[in-house]
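> Okay, sequence plus prediction incoming.
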Amino acid sequence: MQTRKKYIFLTFLASWLLLFFFGGDKLRHFAFFSGRKAEARRNWPHWTDRSLLKSFADPEELQSDGDPSLPSPRERRAARLSVYKNSRCRMETCFDFSRCQKHGFKVFTYPRERDQPLSESYSKILASVERSRYYTPHPEEACLFILSIDTLDRDHLSSQYVRDVDEKIRGFPLWNGGRNHLIFNLYSGTWPNYTEDLGFDIGQAILAKASFYTESFRPGFDISIPLFSKDHPQRGGEKGWLYQDSLPPKKKYLLVFKGKRYLTGIGSGTRNALHHIHNGQDIVSLTTCKHGKDWQKHKDTRCDKDNVDYEKFDYQELLHNSTFCIVPRGRRLGSFRFLEALQAACVPVLLSDGWELPFAEAIDWGKAAVVGSERLLLQIPSAVRCIPPERVLAFQQQTQFLWDAYFSSVDKIVHTTLEIIKDRLLPHRSRSRFLWNTLPGGLLALPEFSTHPGDFPFYYLQHGSSPSEKFTAFIRATSPASSLSQPILRLIQAVSASQYCAQILVLWSCEKPPPPSGKWPQTTMPLTVIQGRGKLSDRFFPSAAIQTDAVLSLDEHTSLSTSEVDFAFVVWRSFPERIVGFPARSHFWDPEQRRWGYTSRWTNELSIVLTAAAFYHRYYHSLFTEYLPAGLRELAGGLAACEDILMNVLVAAITKLPPIKVTQRKQHKETVPQQVKGTVAGGRHFSQQQDCLNQLADWFGSMPLVSSQLRLDPVLFKDQVSVLRKKYPRLEK
Amino acid sequence: RALLAGGGFSTWTYRQGYDVSIPVYSPLSGEVDLPERGPGPRRYFILSSQMALHPEYRSELEALQAENGESVLILDKCTNLSDGVPAVRKRCHKNQVFDYPQVLQESTFCVVIRGARLGQAVLSDVLQAGCVPVIIADSYILPFSEVLDWKRASVVIPEEKMPEMYSILQSVPQRQIEEMQRQARWFWEAYFQSMKAVALATLQIINDRIYPYAAISYEEWNDPPAVKWSSVSNPLFLPLIPPQSQGFTAIVLTYDRVESLFRVITEVSKVPSLSKLLVVWNNQNKNPPEDSLWPKIRVPLKVVRTAENKLSNRFFPYDEIETEAVLAIDDDIIMLTSDELQFGYEVWREFPDRLVGYPGRLHLWDHEMNKWKYESEWTNEVSMVLTGAAFYHKYFNYLYTYKMPGDIKNWVDAHMNCEDIAMNFLVANVTGKSVIKVTPRKKFKCPECTAIDGLSLDQTHMVERSECINKFASVFGTMPLKVVEHRADPVLYKDDFPEKLKSFPNIGSL
């Protein structure tokens, strides 16, 4: 009661004072007294106490902004180069952009030295770089350099610690004070303080480090990477554990932790407190004192009971069955737990103050993790309880997307690191945060293709746009005849009669020159002949002539009617991220031979749609040609029909969805003979496709193809109703 | 240790995650009324309006102008203005006088070059004019960069690359330029236009750091209202194909047609992937039949009794539903074969975020009446499926029960109609996707039921359904339904192939 009286008195006093100071007539200048909101807004800031508050700049001064003569911008830029070095490095002061101008973003790895042992993880990192499309074996072409000295573990107590790094790097003629170098590190410092010390001078090199402290992180220059174990797969990577969107999304446990409790030393503050939130029901937080050799010496009264409880639960079981997982700091800021929780779709609750989160330059962690504060541990249970189910569901899905896009293999971690650096070189040709944080992720959204979301097949819905209403027919001609064959003439006629066709491109991949323009069928449709280079992969060459979102990919022998084309295109517009087409194939696991099999037989499932007659988004031409490494494209070019499979594998790897087969009037030419004959030649052709499938599965690290059991037909297809009512009656003949 | 909200941070002075970078407030924001300018060609490509440029920058700009001619306009202070004309509101090029900041709306890109300070008030004017700022200020921390995605509204060019500015800007696609213009204007409206807006954004950023789990999302900060309105963020965005083993839960809403209900139960129980059957007993005056009378089926059968006879009971997210997939089926739908139902479930697995159903319907725009019309004839298009027999994700039950916009839910319960149309609206609105109609059309209800259910054929029924569409479209503020021309059939449907080798031979046979 007393406090209330006090407040009333104070309020009264304050208002009296206000009246005294400004006088009654000035009061109406206050926005909340005036009620004339519009006017008040226009003249904001309209200080009633202008006489008391001094303005520090008048409009004139703001626009003239000081004395322009000093210092000269050029001098200032030159001066800053010498000042902002080492711990104050930024791209503009420590990175030589001119190295990347001529050859683009090329990465060189130092040659391995024989007497220099490499840890498993570092070997994988180097292999990832060398597998990437940015790799160059020529240092003079390189924009970025990566050492062959293993710098991952800089704890000098570790067996993998490499000595005399300073001395070694000073001997490298390319080192150049670390300029344009990228150094990877997982462990820095040592017991007891685990500082950021690497034990050598990195100079002006970019540091890609796990457990980065915000204070030592050079923003826009360094990169925080996740801590990963030596068993982390090179490529492919395990899938996330979320296989269904349950509702309610809450699992058996709300929040779990199981791990060590440090009795002394750095990080013990947080880990010591974790047992407080344990309630034995939906919150399970278990700690053990057992770690190190001399834990018994430091043990306290809790230890024995805690150690017993600790053994009662299995870590994997908790991971699988909890909605949220506490990811506290260990001795260092990052831990394996982080990626484990992410993979398990157990939403990470971070308790690691001052940790620069992995790839935070690109990734919006607020969508996939709860960032808590070590000091406010006790608020965590109520905070996570308040998160509504739809948000939890979104969190869970986002963990899976991020895990799969950026973390599930060493390849992905390294490539993400490289792409982030590459984005800094040409800021106007870089990915927005939207592209990084939306499926399928930044690695698959090439800024060279476009920086506009509406140009990609993935973002129409989020972006509120739709794919273009026309398509480009892209016909590949390879037969050696000098005149045009009947099938291609018929095909051009059929396609050009489609109301959705914008243009026809013929890719002429024969030895002989294409027939003169007079020999081509006369249509109103613009028809362009492009001279191919005679390589199979020309088929997916991102020709600048393709102006529409949709490409109708065709072979000269393909037979299609206008109705088929029209219907398929209308379907494609509903599924612009998939391949939508006619003849289909399927893959299967052959348990006897323990390998993938391929079949063109009529089956109840399909997982491949041949690009001899299919619609897809033109962006896939760019991905095929620019995203896939040259080695893989060569591999595909060397095997029969492998490019077709590779395109399907690529799209499936991105979308995680099967292609779509649409109604086909009569069977595609290719299917019939194989069904009937099954000759020796056909058999060999087939074994090449099987080889192709297996090599691609190996390269991708898993089999990306997904099977579908359906075909899309027109709504009234073969229904017992007058053909006059049907929009596509000709499909039924 | 104080937080600094400053207008000219460089990357070396800014304490990331602690300080807040704010705009330099432009006094013109409050004084000048510049209406937003729509997309379309503008007279100049690049415009420089700053008065106090360092001579070095100015000579670089002049070099650009010499190279590219009239598309580059470089303005400066006016020297011979008559008295009384405020110098801040005028700019000159040679003898030509331009109104400032109106002239900014005449250009596609407007350069913002650092002066003695990194932060420049002109940035605010440029944004207000909906001109895309070209930031030339190395190491500058852009205002509110912690939350605003400046790549969507500006082009940042390193000072050393000024000579290449023209070609860099030409490489920006036209569509993107238009979006950047819209985005620039939105940033000004939301975060720059008044000291109040600046202050509130600053406080919000600090608030979000303290309560990160309740922070405002990227989309809320960055999407202009038009984008927020037209875009959808699908709650089931991860492409997952749910495992077949999970199966589905069939939910039969029933009142008193016990005989028909029992037939439906017997038929549905033949579907291999059925994992549970839930009967929602909507009749409060009559008890459900005794346990012993129910058909014996191989999966658990559960009867839920409701407190009130409401249609929305069909869409309640019952705890008993343990699968993701729900099959809503009326107690008189006995014509669907086991193959058709199993196939429907397989199709749902491939499209788990959609309504997958059998009878399809269409909405049409009636040009005479100027409103939407419901269509149940044989059409080449579908935009809805009836929930008398449809698969969908349990999540949509949750949305229907707790997140249905406006008074739709109560309205449906009061009118005892259109719950299926409401569900179609809800799902299409939240996912932006069409329904999937499976298998050919046929008569769905048993012949003897049509007599009782003559209502469906009734003209008034159609009128009422049309009214529902119009009512819902006005509540949603848009027409979310998507029209498509396809339906899903088994891969080998009607193909010349031995029926016994087909997975789903028994389709459309009635």
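Perfect, thanks for sending it. Numbering: from 1, shown residues only, chains lettered A, B, ... in the order given.
> For the stretch 201-350 of chain A, which segments count as helices?
A:268-273, A:295-298, A:303-312, A:315-320, A:336-343 (DSSP state H, counting those that start in this stretch).
> Just name the most buried of those.
Highest mean neighbour count among those (mean count of other Cβ atoms under 10 Å in any protein chain shown): helix A:336-343, with a mean of 22. Every residue, glycine included, has its C-beta placed from N, CA and C.
> can I get the helices of the stretch 201-350 of chain A in TSV with distance to chain B and mean pLDDT?
Conversion of those to TSV gives the following (distance: least, Cβ to the nearest Cβ, whole Å; pLDDT from 0 to 100):
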stretch	distance to chain B	mean pLDDT
helix A:268-273	17	86
helix A:295-298	34	80
helix A:303-312	27	89
helix A:315-320	15	94
helix A:336-343	14	96
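> What pLDDT does the model give the most centrally placed residue in chain A?
Centroid check for chain A by Cα atoms, centre = their mean gives A:Gly441 as the closest residue, at 2.8 Å. The score at A:Gly441 is 96. That number is its pLDDT.
> Check A:Arg601 too.
Reading off the model, A:Arg601 has pLDDT 85.
> next one: A:Pro515
82.
> Report the contact partners of the residue lying closest to B:Leu142 once chain neighbours are set aside.
Once flanking residues are discounted, B:Leu142 sits nearest to B:Trp150: 4.9 Å by Cβ to Cβ, 6 or more residues apart in numbering or on different chains. Residues in contact with B:Trp150 (Cβ atoms under 8 Å, 6 or more residues apart in numbering or on different chains) are B:Ile135, B:Leu142, B:Val156.
> Tabulate those residues (a markdown table), appending pLDDT, neighbour count and secondary structure.
As requested, those are exported to a markdown table (pLDDT from 0 to 100; neighbours: other Cβ atoms under 10 Å in any protein chain shown; DSSP: H, G, I helix; E, B strand; the rest coil):
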| residue | pLDDT | neighbour count | secondary structure |
| --- | --- | --- | --- |
| B:Ile135 | 97 | 22 | strand |
| B:Leu142 | 97 | 22 | coil |
| B:Val156 | 95 | 19 | strand |
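> can I get those in TSV with distance to B:Gly119?
Listed next are those as TSV, based on distance: Cβ to Cβ, whole Å:
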residue	distance to B:Gly119
B:Ile135	11
B:Leu142	9
B:Val156	14
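> what's the burial count for B:Val304?
17 (other Cβ atoms under 10 Å in any protein chain shown).
> So it lies in a strand, does it not?
Yes. Counting by DSSP: H, G, I helix; E, B strand; the rest coil, one finds B:Val304 located in a strand.
> Now it. Nearest residue, chain neighbours left out?
That would be B:Val280: by Cβ to Cβ, 6+ apart, it lies 5.2 Å from B:Val304.
> and the one you found, how many residues sit next to it?
Counted with other Cβ under 10 Å, B:Val280 comes out at 21.
> show me what contacts it?
Contacts for B:Val280 were tallied using Cβ under 8 Å, 6+ apart; they are B:Ile251, B:Val252, B:Leu253, B:Thr254, B:Val304, B:Thr306, B:Asn313, B:Arg314, B:Phe316.
> per-residue pLDDT, the closest residue to A:Leu716 other than its chain neighbours?
Nearest in space to A:Leu716, with sequence neighbours left out and distances taken as Cβ to Cβ, 6+ apart, is A:Lys726 at 4.9 Å. On pLDDT, A:Lys726 comes in at 92.
> Please verify my assumption that A:Lys726 contacts A:Lys718.
No. A:Lys726 is beyond contact range of A:Lys718, at 9.4 Å (criterion: Cβ atoms under 8 Å).
> quick one: what helix or strand has the residue nearest the centre of chain B in it?
Centroid-nearest residue in chain B, with Cα atoms, centre = their mean: B:Val232, separated by 1.1 Å. Assigned by DSSP states H and E, B:Val232 belongs to neither a helix nor a strand.
> The closest residue to it other than its chain neighbours: neighbouring residues, count only.
Spatial nearest neighbour of B:Val232, chain neighbours left out: B:Gly432 (3.7 Å); criterion: Cβ to Cβ, 6+ apart. B:Gly432 has 20 neighbouring residues, counting by other Cβ under 10 Å.
> wouldn't B:Gly432 be in contact with B:Pro235 here?
No. With contact defined as Cβ under 8 Å, B:Gly432 does not reach B:Pro235; the gap is 11.3 Å.
> picking up where we left off before, of A:Lys726 and A:Lys718, who's got more company?
Between A:Lys726 and A:Lys718, A:Lys726 has the larger neighbour count (other Cβ under 10 Å), namely 19 against 16.
> From A:Val723, how far out is the closest residue to chain A within the stretch 251-400 of chain B?
Of all residues in the stretch 251-400 of chain B, the one sitting closest to chain A is B:Asn380 (4.0 Å; Cβ to the nearest Cβ). Distance, B:Asn380 to A:Val723, by Cβ to Cβ, to the nearest Å: 12 Å.
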